[in-house]
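Q: pasting a predicted model and its sequence here:
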Amino acid sequence: MKYQIRQSKADTVFGVINAALLGFVILIVLYPLVFILSASFSDPVAVMSGRVWLWPISPTLKGYSAVFSNNSIVASYINSIIYTVAGTLVNVCVTIMAAYPLSRKELYGRNVFMFLFSFTMLFSGGMIPSYLLVRGLKLIDTRWALIIPVALGVWDLIITRTYLQSNIPQELYEAAEIDGAGDFRVLVQIVLPLSTPILAVITLFYAIRHWNSYFDALLYLKSMRLFPLQLTLRNILILNTVDLSMLTDVEEIAQRQGIAELLKYSLIVVASAPVLLIYPFVQKYFIKGIMIGSLKG
Amino acid sequence: MRLVTRLHLNGNRTSKQKHDAPKTAGFMRYVKKHPVLYCLLIVPLLYLIVFKYVPMYGLIISFMDFNPVDGFLGSKWIGFENFARFFSSPVFNRLIVNTVGISVYQLLAGFPIPIILALSINETKQKWARKSAQMITYAPHFISTVVMVGILNQMLSPHNGVANKLVELLGFPAVNFMGKPEYFKSIFVWSGIWQNMGYSSIIYIAALTSIDPGIQEAAVVDGASKIKRIFYIDLPGIMPTAIILLIVNAGQIMNVGFEKAYLMQNPMNMRTSEIISTYVYQVGLRNGDFGYSTAVGLFNSIVNLVLMLTVNKIAGKTSETSLF
């Protein structure tokens, strides 16, 4: 038998107000997203005259065909995929190479090492010395400039190390040692299979950071052919430099301007879609990452 | 994300003191016993030294009349001249006011909202509503800075932006929001809140779920209303988390998101949109004044470090919650 205490009137009122508040917040968060999506599917003339406010008006795919027929956008999209895949691979490898030894009690001086890593979160050389360094290493205007200088995230290293320390018991290492497994074999056959959740977390964190970053590219790259998507986006969305001659399938000047405006909306959708589509499926990993991150606090 | 970051320095510092500096002979013995561990660490350590500590060494150019042709060794030492030039420069006051102004605004407006959101989600009993509210409010966090500013430009555009349609509907003339210096701070802060409130609420929701349900049940039996329970159970329950995040944020007062501010800048709003980091970029990399801009950046980093340590110390004295 289950007894339930009857809700008081005040609590019912509270429930209603709370639901209204949450509904309001959700609307505010959703509206810009829905608006951008609708505008991206609308007719260029409707977009130009500002008639779109919630739903698409005379839906077309003109914006998207403009996006995909623009060579610099397509090229930078491919570049971004390259940077994200290669960069994340490097990140995850380097993070494991640091986190695994630093999680082992057998590593003498690990707290000194850990301090050296952590200190860089409090204080850093800053923009100009880093730029001069990358220039000195002759990495300017190469693809490596977007991968090597950000090869390791200290925060990611810390959460990985915390995870390994709290999830792999010391006895396991001892048992493996008795069975004659070396430290490398332990890493490959025991530690990595046991740490897939944290690997998923840091892979996601790194990949999204690569996909979304623009500033390193702005600092270090000069040739258009190397530009990642975010930098091309910046040129189009913020500096308003749409190369109209590159748009095909357009007859009239007036319509071209409409297309240029429409292209921005479609571009926003195309650029954000990969992350926003994957995100609901991996949401739990993000939350896990944050929770591991705050464990020590 | 960066908020949580700082919490980790904690363990490392305290446990560090337990060990003495490694003696060379003893150290080699450890290396011989576990060579793989040390070999693996070589690459990350090289990265750390080259890409984190070498730039710190590079900070010496803030005391030089640095000239890339002469390099680190050939450039002339000028002591604190670069700093003196910055402090007496006409932009100094404006940069500090803008940077601190945006930060404080962000701190005050951005602090309570994730807490309120977390409480609201926590009070929602239907599972589907909770789940969808969480999923929707976290989503904007994953939008890139460029896209975020792009959305702002589109929606606030004076020609065909939706915001201005509303303004015109209400009978006012269209406003160029992005070009008005007086709106810069608010647009910067509130779009940041729009983007991050859900994500920042995650940590509070977790803190709320870790409150012992027995306390809640006892309060219900004693006849406490929902409001009472929020004020006397939930809020005290998440207070330690809130204080830590507040400390971390307060230590970041001189650290305004460079990437977004830079993208939101235009010639019309420079008066309020120019902050220390965008100034460093402008002067250093656009105008090539390396020594001076490094000095400005170093000044900012030092203020940051001092702020972090001070705020942490104050927090450690007044409450149990401190970072390290």
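A: Nice, I can see it. Numbers count the residues shown, from 1 in each chain, chains lettered A, B, ... in the order given.

Q: use CA for all of it now, contacts and neighbours both
A: Noted.

Q: how is chain B partitioned into domains?
A: Here the domain parsing of chain B from automatic domain parsing is B:19-53, B:91-318.

Q: using JSON lines, please lay out these together with distance to chain A and mean pLDDT.
A: Putting the domains of chain B into JSON lines (distance: least, C-alpha to the nearest C-alpha, whole Å; pLDDT from 0 to 100) gives the following:
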{"stretch": "domain B:19-53", "distance to chain A": "5", "mean pLDDT": "80"}
{"stretch": "domain B:91-318", "distance to chain A": "5", "mean pLDDT": "87"}
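
Q: which among the ones you listed is found nearest to A:Leu137?
A: Among these, domain B:19-53 comes nearest to A:Leu137, with 10.1 Å by C-alpha to C-alpha.

Q: which parts of that closest one are buried?
A: Within domain B:19-53, the residues scored as buried using 16 or more other C-alpha atoms under 10 Å in any protein chain shown are B:30-31, B:34-38, B:40-41, B:44-45, B:47-48, B:50-53.

Q: with stretch A:14-22 instead?
A: Buried positions in stretch A:14-22, judged by neighbour count with 16+ other C-alpha under 10 Å: A:14-15, A:18-19, A:21-22.

Q: for stretch B:97-107, same thing?
A: By neighbour count on 16+ other C-alpha under 10 Å, the buried set for stretch B:97-107 is B:97-107.

Q: next, whichever residue of chain A sits closest to chain B: secondary structure please.
A: As assessed by C-alpha to the nearest C-alpha, chain B sits closest to A:Gly125 within chain A, at 4.0 Å. Look at A:Gly125: counting by DSSP: H, G, I helix; E, B strand; the rest coil, its state is coil.

Q: give me the number of residues near it?
A: A count of nearby residues for A:Gly125, using other C-alpha atoms under 10 Å in any protein chain shown, gives 22.

Q: closest point of chain B to chain A, which residue?
A: Closest point on chain B to chain A, by C-alpha to the nearest C-alpha, is B:Met56, at 4.0 Å.

Q: quick one: that residue from B:Leu298, how far?
A: B:Met56 sits 10 Å away from B:Leu298, going by C-alpha to C-alpha, to the nearest Å.

Q: same question, A:Ile190
A: In terms of C-alpha to C-alpha, A:Ile190 sits 44 Å off from B:Leu298.

Q: for those two, indicate the residue with more neighbours.
A: Between A:Ile190 and B:Leu298, B:Leu298 has the larger neighbour count (other C-alpha under 10 Å), namely 23 against 15.

Q: got the contact list for the more buried one?
A: Neighbour list for B:Leu298: A:125-126, B:59, B:62 [criterion: C-alpha atoms under 8 Å, 6 or more residues apart in numbering or on different chains].

Q: next structured bit after the helix or strand harbouring B:Thr272?
A: Assigned by DSSP states H and E, B:Thr272 falls within helix B:270-273. As assigned by DSSP H and E, the chain's next helix or strand after helix B:270-273 is helix B:276-281.

Q: which other helices and strands does the lowest-mean-pLDDT helix or strand in chain A contact?
A: Here the helix or strand of chain A ranked lowest by mean pLDDT, DSSP states H and E is helix A:44-48, holding a mean of 75. Packing partners of helix A:44-48 (3 or more C-alpha pairs under 8 Å, 6 or more residues apart in numbering or on different chains; DSSP states H and E): helix A:253-294.

Q: relative to the whole chain's centre, how far out is the helix it packs on?
A: 10 Å (C-alpha atoms, centre = their mean, to the nearest Å).

Q: returning to what we had before: so which of the contacts of B:Leu298 is the most crowded?
A: Counting by other C-alpha under 10 Å, top hit in those: B:Ser62 with 27 neighbours.

Q: distance of it relative to B:Val91?
A: For B:Ser62, the distance to B:Val91 equals 18 Å [C-alpha to C-alpha].

Q: next: A:Ile147.
A: A:Ile147 sits 35 Å away from B:Val91, taking C-alpha to C-alpha as the criterion.

Q: same check on A:Pro169?
A: 56 Å.

Q: more neighbours: which of those two?
A: Between A:Pro169 and B:Val91, counted using other C-alpha under 10 Å, the more crowded position is B:Val91 (16 against 10).

Q: tilt between the helix or strand that A:Asn18 is a member of and helix A:253-294?
A: Using DSSP H and E, the element containing A:Asn18 is helix A:9-40. Calculated by axes from the mean of the first three to the mean of the last three C-alpha atoms, to 10 degrees, helix A:9-40 forms an angle of 140 degrees with helix A:253-294.

Q: is any part of helix A:9-40 close to chain B?
A: Yes - Helix A:9-40 reaches chain B (C-alpha under 8 Å from any C-alpha of the partner chain) through A:10-11, A:14-15, A:18-19, A:21-22, A:26, A:29-30, A:32, A:36.

Q: which residues of the stretch 1-150 of chain B fall in helices?
A: B:2-5, B:9-16, B:24-33, B:35-48, B:54-58, B:71-74, B:81-87, B:91-110, B:112-123, B:127-138, B:145-156 (DSSP state H, counting those that start in this stretch).

Q: sorry, that was for the stretch 51-200 of chain A
A: Using DSSP H, counting those that start in this stretch, helices in the stretch 51-200 of chain A cover A:62-68, A:71-103, A:110-122, A:127-136, A:154-167, A:170-178, A:183-186, A:192-194, A:196-212.

Q: got CSV for the ones you listed, with mean neighbour count, mean pLDDT and distance to B:Leu235 too?
A: As requested, the helices of the stretch 51-200 of chain A are exported to CSV (neighbours: other C-alpha atoms under 10 Å in any protein chain shown; pLDDT from 0 to 100; distance: least, C-alpha to C-alpha, whole Å):
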stretch, mean neighbour count, mean pLDDT, distance to B:Leu235
helix A:62-68, 21, 81, 48
helix A:71-103, 21, 93, 35
helix A:110-122, 19, 89, 30
helix A:127-136, 20, 90, 40
helix A:154-167, 21, 89, 27
helix A:170-178, 13, 88, 38
helix A:183-186, 16, 86, 45
helix A:192-194, 14, 90, 37
helix A:196-212, 20, 90, 30
